[in-house]
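> build me a model:
(2 chains)
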Amino acid sequence: DAGVIQSPRHEVTEMGQEVTLRCKPISGHNSLFWYRQTMMRGLELLIYFNNNVPIDDSGMPEDRFSAKMPNASFSTLKIQPSEPRDSAVYFCASSITRGEQYFGPGTRLTVT
Amino acid sequence: AQTVTQSQPEMSVQEAETVTLSCTYDTSENNYYLFWYKQPPSRQMILVIRQEAYKQQNATENRFSVNFQKAAKSFSLKISDSQLGDTAMYFCAFIEPNTGNQFYFGTGTSLTVIP
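Coordinates of the predicted model:
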């Protein structure tokens, strides 16, 4: 298995632009998680899905952030409009019920 | 509230020595799973070891072992024969299957192995 796949690996954009991060979970996993990691705030859970349904989005910073999971093999995290404070590494992870999470390589986002 | 506390922000150890990273957690559930993750400079999050709360025997994976004290809600990670490649951030985490699939992570311990 290729593991959790994230794209792009690096993204540099200007303030105000729309950013879309993509994730392909491990086949057969029924849960998907989006995290944000910064030096100041550490690892934060943004949202997670069970069987493609959003379960907890309380970690989503504000309305500028949205996440979708149209099917079991694909999810997106969108930021519109982006701001410099959104600069971080964004991780996607997947798991089976009661299982450990497997993380993707992360997307390093820089908003100038 | 579910919390995970890693009280050692930074630690260092001489190569080939043993080091123990501490972790405490808070939960009212009896059924849960505990994990240690490693994040090297490459930033990839890698699962190191897993412990089921119902198991009394401490988990072991090669040079990595845990000391699981359920009553004390303590879950420390011992790294034996430390190697330079062990230099990384280490995160403690747990999950309560009965309340969902959400992981609760600690703030991490940065470990440096000194040659």
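> report the central residue of the chain.
Looking at chain A here, since you left the chain open. A:Trp34 (3.4 Å; Cα atoms, centre = their mean).
> not quite, I wanted chain B
Mean-position check on chain B, Cα atoms, centre = their mean. Result B:Trp36 at 3.3 Å.
> that residue contacts B:Tyr90, doesn't it?
Yes: B:Trp36 is in contact with B:Tyr90 according to Cβ atoms under 8 Å; the separation is 6.2 Å. Every C-beta, even on glycine, is put in place using the N, C-alpha and C of the backbone.
> what do those two both touch?
By Cβ atoms under 8 Å, 6 or more residues apart in numbering or on different chains, B:Trp36 and B:Tyr90 have these common neighbours: B:21, B:48, B:77.
> ok, so of these, who is nearest A:Asp56?
B:Val48 (25.5 Å; Cβ to Cβ).
> and the pLDDT for that closest one?
pLDDT recorded at B:Val48 is 97.
> what helix or strand is the nearest residue to the residue nearest to the centre of chain B once chain neighbours are set aside located in?
Spatially, and ignoring its direct neighbours in sequence, B:Trp36 is nearest to B:Val48 (4.3 Å; Cβ to Cβ, 6 or more residues apart in numbering or on different chains). Assigned by DSSP states H and E, B:Val48 falls within strand B:46-52.
> circling back: now the residue nearest to B:Trp36: how far from chain A?
B:Val48 sits 10 Å away from chain A, going by Cβ to the nearest Cβ, to the nearest Å.
> was I right about that residue contacting B:Glu61?
Yes: the criterion here is Cβ under 8 Å, and B:Val48 meets it with B:Glu61 at 6.8 Å.
> more neighbours: the two, which one.
B:Val48 (19 against 12; other Cβ atoms under 10 Å in any protein chain shown).
> run a quick neighbour tally on the residue in chain A that chain B sits nearest to.
Closest contact between chain A and chain B, by Cβ to the nearest Cβ, is at A:Phe103 (3.7 Å). If you count neighbours by other Cβ under 10 Å, A:Phe103 ends up with 23.
> the residue nearest to A:His29 when sequence neighbours are not counted and B:Ala71: what is the separation?
Leaving aside its sequence neighbours, A:His29 sits nearest to A:Ser94 (Cβ to Cβ, 6+ apart; 3.9 Å). Computed as Cβ to Cβ, to the nearest Å, the A:Ser94 to B:Ala71 distance reads 33 Å.
> those two: which has the busier surroundings?
A:Ser94 (26 against 5).
> my read: the more buried one touches A:Gln101, true?
Yes: between A:Ser94 and A:Gln101 there is a contact at 7.0 Å, judged by Cβ under 8 Å.
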